[in-house]
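Asks: No sequence on hand, only this structure:
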């Protein structure tokens, strides 16, 4: 039996990602993925036993990409506020570029009760932890004090999820506006910049 | 053929709600619901063609209950801030009392792509609208001004969803703390009450 190679697997998952991005989940058949990836059905099934295993692999790949992207982007700015803005920006852009991801996550979350893996958990944990690390930096450097860090991180990230899913078209400076509202309050002091 | 009565349907949905609250979705069989409701399987199937139709009816019922509860509770306080706290409290209590509801909503949302009804939409719309009405009241009465009402409502309600799903054990005054953070900011001015 031939060995599996990461490059080959990557090629198939990329094809699967393109299809899930343009069709509904139940409309994507394994043979469509094989044809999109230009491999035989036999090869596809050698890498992924079934559609379920393939989409879990796709979600694990998205989770790794997301975590990498988030950590890279959050590391750039110097201030804690800047890092929060960079995080929020990275999250919005990632999900906007892969709108089918919510659906994959919800599916995986439901199948979790059947004892299946939930590959998005890592992304969720890392994001919450990173937000709280940035809060600590803000406090250590005298920039701001978050009174209830665990709750605040959940409010920020959960709120962001709703904005991405249900919010109006993005405007320039959206991430900064959201972080300002988060830190100073949605009814915060007017900061005189005409918002 | 005998007619269907709302009372009878209610009795079966209550039984279904109890079962979904204590078992995993795929573990609940129609015959378990019939037995829990003390009706025959034939009667249950006369009201609900299958498990899917039954859980959509359950979700529609939860949506009506949620909307009624939310509107009643939000109407009590006089100030806009008080009304926001009452809303947040009502939402936390409702979901805490029916922890299986998230799962039902996620399932229904996924099946929506198959063209099925999504009975939770009403609850989502009403909650967002109510939050924005309370923001307007706050502005009209000079209590506070929400600079970006649509985004702010999504941040508040989406954040609340994350707190309910993933947050630490509830503490007394949680709803008030969350509303304070929302209005004045997670890093808002210390209000001197030792938080």
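Replies: Happy to help now that I have it. Keep in mind that this is a model prediction, so the values were computed, not measured. Residues are numbered from 1 along each chain as shown, chains lettered A, B, ... in the order given.

Asks: Okay, residue A:187 and residue A:39: tell me how far apart.
Replies: For residue A:187, the distance to residue A:39 equals 56 Å [C-beta to C-beta, to the nearest Å]. (Each C-beta comes from the backbone N, C-alpha and C, glycine too.)

Asks: which one of those two has more residues nearby?
Replies: Higher neighbour count among residue A:187 and residue A:39: residue A:187, with 23 against 17, using other C-beta atoms under 10 Å in any protein chain shown.

Asks: Could you say which helix or strand holds that one?
Replies: Residue A:187 belongs to no helix or strand when assigned by DSSP states H and E.

Asks: Please list all residues in contact with the residue nearest the centre of chain A.
Replies: By C-alpha atoms, centre = their mean, chain A has its centre lying nearest to residue A:66, at 5.1 Å. By C-beta atoms under 8 Å, 6 or more residues apart in numbering or on different chains, the contact list for residue A:66 reads A:94, A:123.

Asks: ditto for the one 10 residues further on
Replies: Contacts for residue A:76 (C-beta under 8 Å, 6+ apart) come out as A:82-83, A:86.

Asks: cool, and residue A:118?
Replies: A:108-109, A:112.

Asks: cool, residue A:136 as well?
Replies: Residue A:136 neighbours (C-beta under 8 Å, 6+ apart): residue A:149.

Asks: sorry, back to before: which of the contacts of residue A:76 ranks first by neighbour count?
Replies: Neighbour counts for the contacts of residue A:76, by other C-beta under 10 Å, peak at residue A:83, which reaches 22 neighbours.

Asks: Assign a three-state SS to that one, would you?
Replies: Using DSSP: H, G, I helix; E, B strand; the rest coil as the criterion, the local structure at residue A:83 reads helix.

Asks: and it, how far is that from chain B?
Replies: Remark: distance between residue A:83 and chain B (C-beta to the nearest C-beta, to the nearest Å) = 14 Å.

Asks: ok, now how distant is that residue from residue A:136?
Replies: Separation of residue A:83 from residue A:136 (C-beta to C-beta): 11 Å.

Asks: again, but for residue A:33
Replies: In terms of C-beta to C-beta, residue A:33 sits 43 Å off from residue A:136.

Asks: wouldn't residue A:157 be in contact with residue A:126 here?
Replies: No - counting by C-beta atoms under 8 Å, residue A:157 stays clear of residue A:126, with 11.1 Å between them.

Asks: How far away from the center of its chain is stretch A:100-120?
Replies: Relative to the centre of its chain, stretch A:100-120 is centred 13 Å away, using C-alpha atoms, centre = their mean, to the nearest Å.

Asks: still on that earlier bit, and the helix or strand hosting the residue nearest to the centre of chain A, what's buried?
Replies: If you go by DSSP H and E, residue A:66 is part of helix A:51-75. Residues A:54-63, A:66-67, A:70, A:73-74 are the ones in helix A:51-75 that count as buried (16 or more other C-beta atoms under 10 Å in any protein chain shown).

Asks: Out of these, show me where the pLDDT dips lowest.
Replies: The pLDDT minimum for the buried residues of helix A:51-75 sits at residue A:55, where the score is 89.

Asks: Spatially, what comes nearest to that residue if we skip its sequence neighbours?
Replies: Spatial nearest neighbour of residue A:55, chain neighbours left out: residue A:104 (6.0 Å); criterion: C-beta to C-beta, 6 or more residues apart in numbering or on different chains.

Asks: Just to check, the one you found is in contact with residue A:58?
Replies: Yes - in this structure, residue A:104 is within contact of residue A:58 by C-beta under 8 Å, at 6.7 Å.

Asks: what touches both of the two?
Replies: Listed contacts common to residue A:104 and residue A:58 are residue A:20; contacts here mean C-beta under 8 Å, 6+ apart.

Asks: so who does residue A:89 touch?
Replies: With C-beta under 8 Å, 6+ apart, residue A:89 has these contacts: A:73, A:175.

Asks: Next one: it from residue A:170, what distance?
Replies: Where residue A:170 is concerned, residue A:89 sits at a distance of 10 Å (C-beta to C-beta).

Asks: Show me where chain A dips below the pLDDT cut-off.
Replies: A:1-2, A:188-195 (pLDDT under 70).

Asks: Helices along that one, start to end?
Replies: Taking DSSP state H as the criterion, chain A carries its helices at A:6-22, A:30-37, A:41-47, A:51-75, A:80-97, A:101-111, A:121-140, A:149-166, A:174-184.

Asks: just checking, what packs against the first one?
Replies: Applying 3 or more C-beta pairs under 8 Å, 6 or more residues apart in numbering or on different chains; DSSP states H and E, we find helix A:6-22 packed against helix A:30-37, helix A:41-47, helix A:51-75.

Asks: thinking in terms of the whole chain, how far from its middle is it?
Replies: Centre-to-centre, helix A:6-22 and its host chain are 17 Å apart (C-alpha atoms, centre = their mean).

Asks: same thing with the shortest one?
Replies: When C-alpha coordinates are averaged (C-alpha atoms, centre = their mean), helix A:41-47 and its chain have centres 28 Å apart.

Asks: same question, the fifth one
Replies: Averaging C-alpha positions (C-alpha atoms, centre = their mean) puts helix A:80-97 10 Å from its chain's average.

Asks: got the buried residues for it?
Replies: For helix A:80-97, the neighbour count (16+ other C-beta under 10 Å) marks A:80-92, A:94-95 as buried.

Asks: Likewise for the third one?
Replies: Neighbour counts using 16+ other C-beta under 10 Å place A:44, A:47 of helix A:41-47 among the buried residues.

Asks: Now tell me what touches it from outside.
Replies: For helix A:41-47, the external contacting residues (C-beta under 8 Å, 6+ apart) are A:1-2, A:4, A:8-9, A:12, A:30-31, A:33-34, A:37, A:54.

Asks: Near the closest residue to residue A:156 other than its chain neighbours, how many other residues are there?
Replies: In space, and not counting its chain neighbours, residue A:156 is closest to residue A:182: 5.3 Å by C-beta to C-beta, 6+ apart. By other C-beta under 10 Å, 26 other residues sit near residue A:182.

Asks: The nearest residue to residue A:32 once chain neighbours are set aside and chain B, how far apart?
Replies: Using C-beta to C-beta, 6+ apart and skipping the chain neighbours, the partner closest in space to residue A:32 is residue A:19 (5.9 Å). When distance is defined by C-beta to the nearest C-beta, residue A:19 is 14 Å away from chain B.
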